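A.B. asks: I'll drop the sequence and a predicted model, then ask my questions.
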Amino acid sequence: DQIQDFGWLGLNKKDPDLTFKLNFNRLELAIVKPLLSTFSSHIGGQLHGNVEISGNLSHPMFIGQTVVDNGEIKIDITDVTYHFSDSLQFKNNIITLKDFDILDPLNNKATANGTIHLTNEKQILLDIGLTTDNFLLLNKKNGEQFYGKVLASFDGKASGPIDNLNINIQAITNPGCDITVPVNYQQSVKSQNYITFVSDKPDEMIQVTTKTNKKSNYNLELDLNITPDAKINLPMDFREVAVNVGATGSGDMHLKLNNTSSAKMMGNYEISSGTMKVALMTIYEKRFTIEKGSSLNFQGSVPDARFDLKAVHSQRANLSTLTGALSSADNSQKYIQVENVIAISGTLKDPHLSFDLRLPNADQSVEEEVFAYIDRNSELDMLNQTFSLLITGNFYNVNNESQAGTSPIDIVTSFVGNSLTDMVKFVDVNIDFR
């Protein structure tokens, strides 16, 4: 039998006295699942031991000891199932956890200490601390808001009523972290300057919320020290053009999360290294190097996080493709180092792309000659030069007879068909962002 009970209940009073001794043998832990439904859809394992119950029916007292065997619990928001097998002490209606070990799927250990106070039949109070040097906190394979793997050392505490928990965590990322935040909500360009993104529904905010039981609440505050051990991925789908940012860096972030409102995040993440992959129609792909000092800044609402990213692709190009016969003899056949620069600014809900060129090793005369042909203040000119250099390896010169009437985007269109003509126009760029 799972439970054997011995004792008596006095029925001669409005609040009857009771004395019972309960022996547990393979009692299923699933019986407490309703109490944990705020954050867990699965709990398993068995209880063994004995508990004595005394006092009266309205205020029973529990004393005893039980052992949890093959216990497990899944935390839904992080998609991680933890395992535990340890003992629990009951005394004066308080369940005590002392050096209670919890294992993650990678067999890393966290240690819990604290109490669960059974104040009455309607309320359970928690005061539990959890510490670890390395623990799996997130293991989501996909998700609209975020997914990936997070390993961290941390000190945490859960306190308050079980139906209104306060959770405070101070954590530092460890090697093995790989987090993806897809920037995949839908936006499109509407008759703006060359690369400007505006929403079809400007008043619509992107909410980061968690589906939970409405009758129970939790409040999570996380102070996270992100180290270069963690890799951050930001895929952005511009339909025919895809940008994927992969970076490492550092920053101190503060996250507030509950099940009744959108997430709030504050702090600055500064990138120390990384790449930006730019793919056009899956035909052309170029890898840009993110410049040190690029950053993401959070000041509250997650969709309002601000980009400040610059990435560079370096190549050599022949000046004659730009200057032609008008160039000086010394420079007409000269190859120079050219850096294509892509910058992402704006916010997560309203990002902006811009393009630039740099000549890192050119002397002043060469630089002056190049930018006599290229207007760096013209978004159209910079877009033409960027596409031409990336696709053909050459500068674009509208006055060059061999290129006359053929812009870089015409070259792409002739290769992949006419599907780009409605997406990118040099008078009215129209890029869908999703």
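C.D. replies: Thanks, I have it.
A.B. asks: what's around P175, how many residues?
C.D. replies: Residues lying near P175 (other Cβ atoms under 10 Å) number 10. C-betas here are computed from N, CA, C, even on glycine.
A.B. asks: next: D375.
C.D. replies: By the measure other Cβ under 10 Å, the count of residues near D375 is 12.
A.B. asks: next: A171.
C.D. replies: A count of neighbours around A171, defined by other Cβ under 10 Å, yields 21.
A.B. asks: give me phi/psi at it?
C.D. replies: Backbone torsions of A171, given as degrees, to the nearest 10, read phi -130, psi 160.
A.B. asks: what sits opposite it in the beta ladder?
C.D. replies: Counting by DSSP bridges, A171 forms beta bridges with F154, L224.
A.B. asks: touching, it and F154? I think so.
C.D. replies: Yes. With contacts defined as Cβ atoms under 8 Å, A171 counts as touching F154 at a distance of 3.7 Å.
A.B. asks: buried sites along stretch 166-175?
C.D. replies: Of the residues in stretch 166-175, 166-167, 169, 171-174 count as buried by neighbour count, 16 or more other Cβ atoms under 10 Å.
A.B. asks: what do you get for stretch 314-324?
C.D. replies: Buried positions in stretch 314-324, judged by neighbour count with 16+ other Cβ under 10 Å: 317-324.
A.B. asks: re the thing from before, let's have the buried residues of stretch 166-175 in a markdown table, adding secondary structure.
C.D. replies: Shown next, in a markdown table, are these (DSSP: H, G, I helix; E, B strand; the rest coil):
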| residue | secondary structure |
| --- | --- |
| N166 | strand |
| I167 | strand |
| I169 | strand |
| A171 | strand |
| I172 | strand |
| T173 | strand |
| N174 | coil |
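A.B. asks: between those, which is nearest E285?
C.D. replies: When the buried residues of stretch 166-175 are compared for distance to E285 (Cβ to Cβ), T173 wins out at 29.0 Å.
A.B. asks: which pLDDT value belongs to the residue nearest to I179 when sequence neighbours are not counted?
C.D. replies: Spatial nearest neighbour of I179, excluding adjacent residues (Cβ to Cβ, 6 or more residues apart in numbering): G148 at 4.2 Å. For G148, the pLDDT comes out at 91.
A.B. asks: same check, this time on I411
C.D. replies: I411 carries a pLDDT value of 52.
A.B. asks: same check on Q403?
C.D. replies: On pLDDT, Q403 comes in at 51.
A.B. asks: cool, V338 as well?
C.D. replies: Note on V338: pLDDT of 94.
A.B. asks: and what of T119?
C.D. replies: 70.
A.B. asks: quick one: contacts of the strand or helix carrying it?
C.D. replies: Using DSSP states H and E, T119 sits in strand 109-120. Outside strand 109-120, the residues that touch it by Cβ atoms under 8 Å, 6 or more residues apart in numbering are 58-59, 62, 93-104, 124-132, 135, 157.
A.B. asks: where along this protein do the helices fall?
C.D. replies: Per DSSP state H, the chain carries helices over the ranges 320-323, 364-373, 379-392, 408-416.
A.B. asks: I'd like the ones you listed as a markdown table, with distance to I31 appended.
C.D. replies: Shown next, in a markdown table, are the helices of the chain (distance: least, Cβ to Cβ, whole Å):
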| stretch | distance to I31 |
| --- | --- |
| helix 320-323 | 76 |
| helix 364-373 | 75 |
| helix 379-392 | 62 |
| helix 408-416 | 61 |
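A.B. asks: and of those helices, who's closest to Q299?
C.D. replies: Closest of the helices of the chain to Q299 is helix 379-392, at 27.8 Å (criterion: Cβ to Cβ).
A.B. asks: OK, contacts around M265?
C.D. replies: Residues in contact with M265, defined by Cβ under 8 Å, 6+ apart, are 253-256, 298, 300, 302, 305.
A.B. asks: state the distance from it to L220.
C.D. replies: Relative to L220, M265 is positioned 12 Å away (Cβ to Cβ, to the nearest Å).
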